[in-house]
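> Sequence plus the predicted model coming up.
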Amino acid sequence: MLITILLLIFTVIVLPIFSVYFGTPLNTLQVDVLWSTIYIVIGVVAYTFIIGELTNNNSQVDKLWSVVPIIYVWNMFYQAYQYTHVINERMLLMSILVTLWGIRLTYNFARRGAYQWKFWAGEEDYRWEILRKRPGFNNRFVWMIFDLFFICSYQNVLIFLFTLPILATLATNATALGLADYLLAALYVGFIIIEYIADQQQFDFQTEKHRRINNNEALGEYEKGFVSTGLWSIVRHPNYASEQSIWVVFYFFSVIATGEWLNWSVVGCVLLIILFKGSSDFSEDISANKYPEYKKYQASVPRFIPFTKIKKG
């Protein structure tokens, strides 16, 4: 916990100051486009908090996680065009990539019952229900504060932050679109494909497991309760690993544009990595308590980075 807190402090305070001081600060165009999008973010935070509290379904951010980044990047692209009357090809490419990412993730979320005609209803993240029952969080006021500041505010701001490399490409000294951008685009799409395969393997496993349970059939290989084959035999969270990689690659578009390995837009992808570390800790704690075989799985398969576990024997 202490390490996570220190990383957050470093990322939120030290890293931006360092990158702005030693890098190139935002120009007037970037500041204007930034503010035009911040207003949208504020609206999204208010919406997710109000609807979540009224309906007692705190997965409103989850419903928008794959949607609002598309809105943010296209708004920044459009606002930049309105100011300059020039199509920024790198911003256009990045917006298309985020749209592809969003369509895939929205589809995966939708097939799990997350969206209904009652837009506030649908599947809620199982971890919120578990967390609400834990000491401290089972207090209604405490949970409301947690919902406002972490679930709605922090996560929505984080979503906005990891889209900001597209704004960094509007730097005054930005280079033209080139081969390196297309290589990054191919890598970005590659990680989307890996993420799709991982989610499909998880979906197939859980679907068949529950089908057998509902029909009182022998579980066989599904008895241990969690998927550990395919991509899941290489890392414990191939979908999480791909998601983090997608936004790290997205950041590198800003590196190519500015020529600066460290610029102010790095904060989003770093915070996302920290979030997935904490989120996976929580998920794995639940799985280890629920499935007897899970600790053996943890001991033999790396969490995010392949081939980092030393085989014994």
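It's in.
> how about the strands of the stretch 151-300 of the chain, start to end?
Assigned strands in the stretch 151-300 of the chain: none (criterion: DSSP state E, counting those that start in this stretch).
> Which parts of it are helices?
155-161, 165-168, 179-214, 238-258, 267-290, 294-300 (DSSP state H, counting those that start in this stretch).
> Check those helices for me and report the most buried one.
Sort the helices of the stretch 151-300 of the chain by mean neighbour count, taking mean count of other C-beta atoms under 10 Å, and helix 165-168 sits at the top with a mean of 26. Placement of C-beta: from N, CA and C, glycine included.
> Output the helices of the stretch 151-300 of the chain as TSV; include the columns mean pLDDT and distance to residue 128.
Shown next, in TSV, are the helices of the stretch 151-300 of the chain (pLDDT from 0 to 100; distance: least, C-beta to C-beta, whole Å):
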stretch	mean pLDDT	distance to residue 128
helix 155-161	93	12
helix 165-168	96	30
helix 179-214	97	19
helix 238-258	97	18
helix 267-290	89	11
helix 294-300	94	21
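> Looking at those, which is nearest to residue 115?
For the helices of the stretch 151-300 of the chain, proximity to residue 115 was assessed by C-beta to C-beta; helix 179-214 is nearest, at 15.9 Å.
> Show me what the closest one is packed up against.
In terms of contacts (3 or more C-beta pairs under 8 Å, 6 or more residues apart in numbering; DSSP states H and E), helix 179-214 is packed against helix 89-110, helix 238-258.
> about what we covered before: how about the helices of the stretch 151-300 of the chain, which one is nearest residue 122?
Nearest of the helices of the stretch 151-300 of the chain (C-beta to C-beta): helix 179-214, 16.5 Å.
> Quickly find the element holding the residue nearest to residue 155 when sequence neighbours are not counted.
Leaving aside its sequence neighbours, residue 155 sits nearest to residue 61 (C-beta to C-beta, 6 or more residues apart in numbering; 4.9 Å). Residue 61 is part of helix 60-65, with elements assigned from DSSP states H and E.
> got a list of contacts for that helix?
The contact list for helix 60-65, computed with C-beta atoms under 8 Å, 6 or more residues apart in numbering, reads 44, 47-49, 51-52, 105, 109, 114-115, 119-120, 122, 125, 151-152, 155-156, 159.
> Tell me who's in contact with residue 231.
194, 197, 198, 201, 238.
> residues near the closest residue to the fourth one other than its chain neighbours, how many?
Right, the one you point to is residue 201. The shortest distance from residue 201 to any non-neighbouring residue, by C-beta to C-beta, 6+ apart, is to residue 230 (4.5 Å). When neighbours are counted by other C-beta atoms under 10 Å, residue 230 registers 15.
> repeat for residue 46
For residue 46, using other C-beta under 10 Å, the count is 14.
> How is residue 81 classified with respect to secondary structure?
helix (DSSP: H, G, I helix; E, B strand; the rest coil).
> Residue 146: which of the helices of the stretch 151-300 of the chain is closest?
For the helices of the stretch 151-300 of the chain, proximity to residue 146 was assessed by C-beta to C-beta; helix 155-161 is nearest, at 11.5 Å.
> give me every residue that touches the residue nearest to residue 201.
197, 198, 201.
> which residues touch the second one?
Going by C-beta under 8 Å, 6+ apart, residue 198 touches 230, 231, 232, 238, 239, 242.
> repeat that with 6 Å
231, 238, 239 (C-beta atoms under 6 Å, 6 or more residues apart in numbering).
> As a markdown table, those residues with distance to residue 257 would be great.
Below are the contacts of residue 198 laid out as a markdown table (distance: C-beta to C-beta, whole Å):
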| residue | distance to residue 257 |
| --- | --- |
| 231 | 32 |
| 238 | 30 |
| 239 | 28 |
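> And those, which is closest to residue 268?
Within these, the smallest distance to residue 268 is 19.0 Å, found for residue 239 (C-beta to C-beta).
> related to what we said a few turns ago, rebuild the helices and strands packed on helix 179-214 as CSV, extending it with distance to residue 33.
As requested, the helices and strands packed on helix 179-214 are exported to CSV (distance: least, C-beta to C-beta, whole Å):
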stretch, distance to residue 33
helix 89-110, 10
helix 238-258, 14
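> who wins for proximity to residue 26 among those helices?
helix 238-258 (11.3 Å).
> Would you mind pulling the contact partners of the closest one?
94, 162, 165, 168-169, 171, 174-175, 180, 184, 187-188, 191, 194-195, 198-199, 231, 235, 261, 263, 265-266, 269, 272-273, 276, 304.
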